[in-house]
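>>> how would this look folded up:
(one chain, ligands or ions: 1)
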Amino acid sequence: MRTADVVIIGGGIVGSSVAYHLTAAGCRNVLVIERESSQEKGSTGKSMGGVRAQFSTPVNIQMSLYSIPFYASFEEQLGHPCGYRAQGYLFCATTEKHMAYLGTNHETQVRLGLKDARLISAEEIASTFPQLRSDDIVGGAFCSSDGFVDPYSAMNGFMACAIERAAEIWKNAVVTGIQRDAHGITEIETSKGPISARVAVNCAGAWAAEIAEMAGVNLPVEPLRRMLVPTEPFDQFPHGAPMIIDMSNGFHFRPEARGFLLAWNDPEETPGYKTEFESSFIEKILTRAADRVPMFENLAVNPKRAWAGLYEMTPDHHAILGPVAEVPGFFLANGFSGHGVMHAPATGRILSDLILHGGTNLIDASGLDLERFAEGRMIEETAML
Ligand SMILES: Cc1cc2nc3c(=O)[nH]c(=O)nc-3n(C[C@H](O)[C@H](O)[C@H](O)COP(=O)(O)OP(=O)(O)OC[C@H]3O[C@@H](n4cnc5c(N)ncnc54)[C@H](O)[C@@H]3O)c2cc1C
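Predicted structure coming up:
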């Protein structure tokens, strides 16, 4: 039977980062199991690629404080590009309540060491982006090191480096079962045969609850559809613009190729494995786009190029990271609630430290344990997009 020191279930950006960090730390017999024929078919290939440190909770800010500089030096360190562009995130507040919220978050971010974030005035927003309707904007927050990466390239870079260090990936291989004995994990069953392993990491994205169930673990991760609409080429809005977020309704957009990528979290969306794009979404999002950027009334979109993917939601919108107390050897890297690309570097490092050394000094991620739900220690993230 094939043996592995660590089996990683799921070859998206999170599984790839865990594989990279484990092999970088000297762990050699790492096997990644991916059920699809290529690794980007899960959420990673559907992502908007936004990376930001402008969160509200210390742990999410700290995850970004490791991850964004990591992306900034990705090519230098790994020898592969990740497409990081430090174009920033600009939150536009339309109520004093929003502004107070941004102010509180900013204080936390600065206290934790974020140097590139600042609050900005309504006047500065209006003069920098006169294309925005700014009559109701009362101010905002901007962080210049926030920006975008190319999730596909980052995932491939992580995995290519892991493979250079002797990790292996099985594609078209479905994990179908997890065997355990009194001491913990013993075997991972796959459509390509069983693997004898004492350590397995659940990196199965929106499908993570199914994998956890195979190990007898109840994991509160739910799939939630998110849709993105790319526009046709449009050159009347600057392409050096940041991710711009309209806090009045959550509409946000960023430059993409010669056009823009439009996003909005439809509050009517319900959980489920829905991955088809719904054409009625186009009108909903274009209405919000034109409301904030009047010239976007002339935007051309081709519905055939729009797509849908799955967020992997947890009840408190924070990831679930670390070992499962009652199943020794079973580790979780799940539930990123839409932040898995930006937090993949920190996640890989934390999981590698926990697996190889039983602890991590990167950040205090102990509050992201699975047990927090049963023990009433949830940590709500409100800066959701
Ligand atoms: C529209 C959209 C926009 C987003 N925008 C952003 C953003 O701007 N910034 C950001 O940080 N995040 C964003 N996200 C979220 C981000 O894409 C995810 O958090 C991230 O990709 C999760 O990575 P992952 O590796 O955990 O999951 P995935 O990429 O989904 O990988 C999980 C893998 O597990 C495999 N798998 C599942 N079950 C099995 C099985 N039984 N056996 C073997 N393999 C299995 C799947 O095939 C899949 O490849 C967005 C998501 C969507 C849908």
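
>>> center of this protein, which residue is that?
residue 340 (1.9 Å; CA atoms, centre = their mean).

>>> and the residue of the stretch 151-300 of the chain found nearest the ligand, what pLDDT?
The stretch 151-300 of the chain approaches the ligand most closely through residue 205 (2.6 Å), counting by CB to the nearest ligand atom. For every residue, glycine as well, the C-beta is placed using N, CA and C. We have a pLDDT of 98 for residue 205.

>>> list the contacts for it?
Listed by CB atoms under 8 Å, 6 or more residues apart in numbering, the contact set of residue 205 reads 10, 12, 14, 42, 43, 44, 310, 312, 334, 340.

>>> Going along the chain, name the strands of the stretch 51-200 of the chain.
Applying DSSP state E, counting those that start in this stretch to the stretch 51-200 of the chain gives strands spanning 89-93, 117-121, 139-143, 147-148, 168-170, 175-181, 184-190, 195-197, 200-202.

>>> List the buried residues in the fifth one.
In terms of neighbour count (16 or more other CB atoms under 10 Å), strand 168-170 has its buried residues at 169, 170.

>>> returning to that earlier point: how about the nearest residue to the residue nearest to the centre of the chain, chain neighbours excluded?
Nearest residue to residue 340, sequence neighbours excluded (CB to CB, 6 or more residues apart in numbering): residue 14, at 5.6 Å.

>>> re the thing from before, in strands, which of the contacts of residue 205 fall?
310, 312, 334 (DSSP state E).

>>> any idea which strand is longest in this structure?
If you go by DSSP E, the chain has its longest strand at strand 222-230.

>>> what packs against that one?
Contact here means 3 or more CB pairs under 8 Å, 6 or more residues apart in numbering; DSSP states H and E; on that basis strand 222-230 packs against strand 259-263, helix 280-292, strand 307-313.

>>> Which one (most neighbours) among the contacts of residue 205?
residue 14 (33 neighbours; other CB atoms under 10 Å).

>>> And the pLDDT at that residue?
Per the predicted model, pLDDT is 98 at residue 14.

>>> Contacts only, for the residue nearest to residue 340.
So, once contact is read as CB under 8 Å, 6+ apart, residue 14 ends up touching 44, 203, 205, 333, 336, 340, 344, 347, 348.

>>> among these, which are in helices?
Of those, the ones assigned to helices by DSSP state H are 344, 347, 348.

>>> hang on, the earlier thing: out of the helices and strands packed on strand 222-230, which comes closest to residue 133?
With CB to CB as the criterion, residue 133 lies closest to helix 280-292 of those, at 5.8 Å.

>>> Now do the helices for the stretch 1-150 of the chain: every range, in order, please.
Counting by DSSP state H, counting those that start in this stretch, the stretch 1-150 of the chain has helices at residues 13-24, 58-72, 74-78, 96-111, 122-128.

>>> Tell me which of those lies nearest to the ligand.
Once the helices of the stretch 1-150 of the chain are compared by CB to the nearest ligand atom, helix 13-24 is nearest, at 3.5 Å.

>>> thought the residue nearest to the centre of the chain was touching residue 43?
Yes: counting by CB atoms under 8 Å, residue 340 touches residue 43, with 6.7 Å between them.

>>> where do the contact lists of these two overlap?
Joint contacts of residue 340 and residue 43 (CB under 8 Å, 6+ apart) are 12, 205, 312.

>>> What separation is there between the first one and residue 366?
Between residue 12 and residue 366 the distance, using CB to CB, to the nearest Å, works out to 25 Å.

>>> do the same with the last one
Distance, residue 312 to residue 366, using CB to CB: 21 Å.

>>> Keep only the ones in strands among the contacts of residue 205 that also lie close to the ligand.
Restricting the ones in strands among the contacts of residue 205 to those within reach of the ligand (CB under 6 Å from any ligand atom) leaves 310, 312.

>>> Tell me the one of the ones in strands among the contacts of residue 205 nearest residue 86?
Nearest to residue 86 out of these is residue 312 (CB to CB; 26.4 Å).

>>> and the strands of the stretch 51-200 of the chain, which is most packed in?
Per residue and on average, the most neighbours among these fall to strand 200-202, with a mean of 30 (mean count of other CB atoms under 10 Å).

>>> What's the mean pLDDT across the very next helix or strand once past that strand?
Using DSSP states H and E, the helix or strand that follows strand 200-202 in sequence is helix 208-214. Average pLDDT, helix 208-214: 98.

>>> Show me what helix 208-214 is in contact with.
Residues outside helix 208-214 that contact it (CB under 8 Å, 6+ apart) are 9-10, 175-178, 202, 204, 218-222, 312, 324, 332, 334-335.

>>> Tabulate the contacts of residue 205 in TSV, adding columns for distance to residue 185.
Shown next, in TSV, are the contacts of residue 205 (distance: CB to CB, whole Å):
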residue	distance to residue 185
10	16
12	21
14	19
42	23
43	25
44	25
310	26
312	22
334	16
340	23
